[in-house]
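Trainee: Provided below for reference: sequence and predicted model.
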Amino acid sequence: MRAKIAIAFLSISLLTSFGLASNQAFGDGSVDQSQEAFDDNRSPVVDWSQSFIPTKDNLIGVDLFFDGPSGGCPCSESYKLEIREGTLGGTVVGTSGTEQIDLTGTFQDSKEVHFHFPVTVQLTPGTTYFIKIILTDGPGDYKIVVSDGDAYDDGVAHEQGVEKFEDLFFRTYFEEPEPPVVGGEFLPIDTTSLLVAGAQMNAAWMIPVIVSGIGIAIVIARKF
């Protein structure tokens, strides 16, 4: 029994080493631009937008901070975001998924909301872009959280297209490029050719690796 366990463990180790049992998960990227002061709020949300200048060439997510309506509800509203290039009325280069937000409007009832972009938005670093908030469902009574004064150097909040001396609370996220493969190109391997005894190998250079693994397994089996 111990010999079988040892052999199974060795097989899994070999497969993992060559990427056959790998299942790496990725998050929603890293923060590029941000302004995280929250001193006041403004309404209605749909009148407000925020300009920013990215240093990265893509965008996959945005955070905003919402407050509930004055007087309380409870109520639910749904929003999505558009990324527009150059000006507030410029070309829409990306649209987020819709997020439902549930706030009661009671004192200090607020929420950070993350908007994910299902299709990566391609950006030009150094170019101005706008985050435009779109109401998709609900009365539109929520408020958006802003800074007290101009807290972000590379952009500004706009109310109905007019620049204001304040900024929205926001973060933009970009997708990190995959690290380069060290030592050459990663070659795909047919798992069947590795697991079925006597099957033809995908690449001749794999034979010494498999033979070495079998030798180690035999030594372990004899030991136990």
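Mentor: Alright, I've got the coordinates. Please read all numbers here as calculations on a predicted model, not as lab measurements.

Trainee: Next, Val46: phi, psi?
Mentor: Note on Val46: backbone dihedrals following degrees, to the nearest 10 are phi -70, psi -10.

Trainee: and it, what does it touch?
Mentor: Val46 makes contact with Ile133, Ile134, Leu135, Gly140 under the criterion C-beta atoms under 8 Å, 6 or more residues apart in numbering. In short, each C-beta sits where N, CA and C put it, glycine included.

Trainee: and these as a markdown table, adding neighbour count and pLDDT?
Mentor: Supplementary listing: these in a markdown table, determined by neighbours: other C-beta atoms under 10 Å; pLDDT from 0 to 100:
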| residue | neighbour count | pLDDT |
| --- | --- | --- |
| Ile133 | 22 | 96 |
| Ile134 | 14 | 96 |
| Leu135 | 16 | 95 |
| Gly140 | 14 | 89 |
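
Trainee: now what about the longest strand anywhere in the chain, what contacts it?
Mentor: With DSSP state E applied, the strand covering the greatest number of residues in the chain is identified as strand 110-122. If you take C-beta under 8 Å, 6+ apart as the criterion, strand 110-122 is touched by 28, 57-68, 79-81, 83, 93-97, 99, 101, 103, 145, 169, 175.

Trainee: and the angle from the next helix or strand after that strand to strand 110-122?
Mentor: On the C-terminal side of strand 110-122, the closest following helix or strand by DSSP states H and E is strand 129-137. Orientation of strand 129-137 against strand 110-122 (axes from the mean of the first three to the mean of the last three C-alpha atoms, to 10 degrees) gives an angle of 120 degrees.

Trainee: Can you list the strands that strand 129-137 pairs with?
Mentor: With DSSP bridges as the criterion, the sheet partners recorded for strand 129-137 are strand 48-52 (antiparallel), strand 75-85 (antiparallel).
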